[in-house]
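Visitor: just coords:
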């Protein structure tokens with residue numbers, strides 16, 4: 001499945017509708033976005049603000065030990081890939 005790119009403005013529009021009591025499922029259907037993606041945008045927005053909705057233009061480097069710890073947590077079965085990305089604050093976009 002290919003990743004679609006959404007502008008920060010569209011993400012803000014969707015999140016505003018989410019705050020106006022539309023469900024992530026309703027908005028996902030309307031905008032053709034996975035509801036879990038919308039909820040991920042919401043978490044990032046709540047934690048880091050509007051800047052977090054913009055597409056990254058750089059690669060972030062991670063230390064080998066950091067990557068191995070994230071991989072171990074993922075392989076342990078305790079966390080999903082998305083949970084590990086959120087736990088370690090690794091970009092999933």
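Guide: Yep, it's here. Being a predicted model, the structure only gives us computed values, none of them experimental.

Visitor: remind me, longest helix of the chain?
Guide: For the chain, the longest helix by residue count, based on DSSP state H, is helix 35-48.

Visitor: any idea which helix or strand comes after that helix?
Guide: On the C-terminal side of helix 35-48, the closest following helix or strand by DSSP states H and E is helix 64-75.

Visitor: for residue 38, give its distance to residue 52.
Guide: 14 Å (Cβ to Cβ, to the nearest Å). Placement of C-beta: from N, CA and C, glycine included.

Visitor: of the two, who's got more company?
Guide: Between residue 38 and residue 52, counted using other Cβ atoms under 10 Å, residue 38 has the larger neighbour count: 23 against 17.

Visitor: burial of residue 87, as a residue count?
Guide: 13.

Visitor: show me the contacts for it.
Guide: Applying Cβ atoms under 8 Å, 6 or more residues apart in numbering, we find residue 87 in contact with 70, 73, 79.

Visitor: please repeat the previous calculation with a cut-off of 10 Å.
Guide: 69, 70, 73, 74, 79 (Cβ atoms under 10 Å, 6 or more residues apart in numbering).

Visitor: no more questions from me, cheers.
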